[in-house]
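Visitor: Let's see this in three dimensions:
(chains A and B)
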Amino acid sequence: DAKTTQPPSMDCAEGRAANLPCNHSTISGNEYVYWYRQIHSQGPQYIIHGLKNNETNEMASLIITEDRKSSTLILPHATLRDTAVYYCIVRVGNSGGYQKVTFGTGTKLQVIP
Amino acid sequence: GAVVSQHPSWVICKSGTSVKIECRSLDFQATTMFWYRQFPKQSLMLMATSNEGSKATYEQGVEKDKFLINHASLTLSTLTVTSAHPEDSSFYICSASRENYGYTFGSGTRLTVV
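Guide: Now for the predicted structure:
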């Protein structure tokens, strides 16, 4: 898996958009970008993933640069419940599979009232 | 969506005893599951890859005789911490992969060895 780098922490005002960056400069052509978050003392929760096109779902938007070396997760209207550690991961393929996933240190997002 | 159930959510055991943690895929079959360990204020550390019907693959530095993994069916993997010691106290998390869902994680098990 390609290595990812994320800022260790970020603050965001409640109701504002939270933009979480991730660098994956060594990503390969067949590797997808996945985002997860972990709320304290819970298992990680899937947020979104993409290959090269921007993606949006009910939770967030994912913007991937044209060269695919970085991406940004956008939470459009952050709430206090979005306070969590956010992990950016790259892995081969989109299928249910057998490739192990290793986690970096992630970004601790603190949403402030 | 894909659901992975992990049990128990927390357990306290005496030093020297063994503890079994279960990980079940509730609405899909998972030929491969993964076990992680997480210490306070740290990221998840992959311990091993559990393969249905075959031996688990352990990451470097993880003792296979201490952390026994059994993946006897397509919906169940178990992690047994044998002869637990206080340094084994941690948050243990399993995950399974399903097409188009990426990896789904269990809710974790908080193990405290006293």
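
Visitor: Every contact and neighbour count from this point should use C-alpha atoms.
Guide: Will do.

Visitor: what's next to the longest strand belonging to chain B, contact-wise?
Guide: Criterion DSSP state E: the longest strand present in chain B is strand B:90-98. Applying Cα atoms under 8 Å, 6 or more residues apart in numbering or on different chains, the contact partners of strand B:90-98 are A:41, A:43, A:95-98, B:2, B:4, B:6, B:23, B:25, B:28, B:30, B:32-40, B:103-112.

Visitor: helices or strands up against the next helix-or-strand element following that strand?
Guide: Counting by DSSP states H and E, the next helix or strand C-terminal to strand B:90-98 is strand B:102-105. On a contact count with 3 or more Cα pairs under 8 Å, 6 or more residues apart in numbering or on different chains; DSSP states H and E, strand B:102-105 meets strand A:45-50, strand B:90-98.

Visitor: Can you tell me which of those is nearest to residue A:4?
Guide: The closest of these to residue A:4 is strand A:45-50. By Cα to Cα, the value is 14.5 Å.

Visitor: helices or strands next to the closest one in the packing?
Guide: strand A:31-38, strand A:55-56, strand A:61-64, strand B:102-105.

Visitor: what lines up beside the shortest one in the sheet?
Guide: Partner strands for strand A:55-56, per DSSP bridges, with pairing direction: strand A:61-64 (antiparallel).

Visitor: hmm, back to that, okay, the helices and strands packed on strand B:102-105, which one's buried deepest?
Guide: Highest mean neighbour count of these: strand B:90-98, a mean of 26 (counted as mean count of other Cα atoms under 10 Å in any protein chain shown).

Visitor: just to revisit the earlier point, of the helices and strands packed on strand A:45-50, give the one that comes closest to residue B:13.
Guide: Closest among the helices and strands packed on strand A:45-50, using Cα to Cα: strand B:102-105, at 24.0 Å.

Visitor: Can you show me the CA trace of the next helix or strand after that closest one as PDB?
Guide: Downstream of strand B:102-105, the next assigned helix or strand under DSSP H and E is strand B:109-113. C-alpha atoms of strand B:109-113 as PDB (Å, rounded to 0.1, in the frame of the first residue of the first chain):
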ATOM      1  CA  THR B 109     -13.200  -5.200  22.300                       C
ATOM      2  CA  ARG B 110     -11.700  -3.400  25.300                       C
ATOM      3  CA  LEU B 111      -9.400  -6.000  27.100                       C
ATOM      4  CA  THR B 112      -8.200  -5.200  30.500                       C
ATOM      5  CA  VAL B 113      -5.900  -7.700  32.200                       C
END
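
Visitor: chain center to the worst-scoring helix or strand of chain B on mean pLDDT, what's the gap?
Guide: When each helix and strand of chain B is scored by mean pLDDT, DSSP states H and E, strand B:102-105 comes last, with a mean of 84. Centre-to-centre, strand B:102-105 and its host chain are 13 Å apart (Cα atoms, centre = their mean, to the nearest Å).
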